[in-house]
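Participant: attaching a predicted model along with its sequence, questions to come.
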Amino acid sequence: VQRCGPVPVYKIGFQLFTRAGADAARMVRDAGKGVFLDLKLYDIPNTVEKGAAAAADLDVLMTTVHASGGADMIAAARRGVEGSNTNILAVTVLTSFSKDAWQEVSNSVESTADTVVRFAKMAFESGAHGIVASPLEAAAIRKALGPDALIVTPGVRPSWAGADDQARVMTPRDAAAAGADYIVCGRPVLKHADPAEAARLILEELS
């Protein structure tokens, strides 16, 4: 956070949250930055509502639930953050899934893109403020949900970075052009010899 000063929002996933807990989120907030708390809640509605409320108490900008948890669970998450500045994002299909892998696990002939849009519509109608999805589906989600939905895209890789374990990737500039409001770009920064320079290059590409 200190080295990559111009970056406005920092993602805290379950790896860091398990090790450092809420202190990690507070540290980022104290530095004047936004927090994307990516814990991907998936449980019965009452539990998810209370978990979302706890995230809102940390004043995070965004927190995540799994869209596959269903309409009631997503509506409960929205209730948990009402009156706060926290946005509920629904995760559709993880960007590590290829088409064949998704069809195998879902036991469905529906394409990954069709599943993402179907999940996105259900989640947005159930109260989610936005969607987490591959940048390859960002344009279709924007078309389906209109201008008010937040779209956050992981699986973003600059041309100078490797894809790692992401199966559906796009460059930062292309993801923004496709309709993403926020891009998630972790390992290209963290694995770079100079993280600050990597962040600078990504921000320059976006601008």
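Facilitator: That came in fine, so what should we check first?
Participant: state the pLDDT value of the most centrally placed residue in the chain.
Facilitator: Nearest to the geometric centre of the chain sits residue 132, at 4.3 Å (C-alpha atoms, centre = their mean). According to the prediction, residue 132 has pLDDT 94.
Participant: equivalent analysis for residue 164, please.
Facilitator: 58.
Participant: quick one on the thing from earlier: tell me the phi and psi of the residue nearest to the centre of the chain?
Facilitator: phi -110, psi 120 (degrees, to the nearest 10).
Participant: quick check: it vs residue 184, distance?
Facilitator: 8 Å (C-beta to C-beta, to the nearest Å). The way it works is simple: take the backbone N, C-alpha and C, and place the C-beta from them, glycine included.
Participant: overlap in contacts of the two?
Facilitator: 152, 153, 154 (C-beta atoms under 8 Å, 6 or more residues apart in numbering).
Participant: lowest-confidence helix or strand of the protein?
Facilitator: Lowest by mean pLDDT, DSSP states H and E among the helices and strands of the chain is helix 99-106, with a mean of 79.
Participant: mind listing what's buried along the helix or strand that it is followed by?
Facilitator: As assigned by DSSP states H and E, the chain's next helix or strand after helix 99-106 is helix 112-125. By neighbour count with 16 or more other C-beta atoms under 10 Å, helix 112-125 contains the buried residues 112, 113, 115, 116, 117, 119, 120, 121, 122, 123, 124.
Participant: ok, now stretch 82-101?
Facilitator: Result for stretch 82-101 [16+ other C-beta under 10 Å]: buried residues 86, 87, 88, 89, 90, 91, 92, 93, 94, 95, 97.
Participant: quick one: contacts for residue 68?
Facilitator: 42, 119.
Participant: ok, now how distant is it from residue 74?
Facilitator: 10 Å.
Participant: what's the answer for residue 22, then?
Facilitator: 23 Å.
Participant: in terms of neighbours, single out the busier of these two.
Facilitator: residue 74 (27 against 15; other C-beta atoms under 10 Å).
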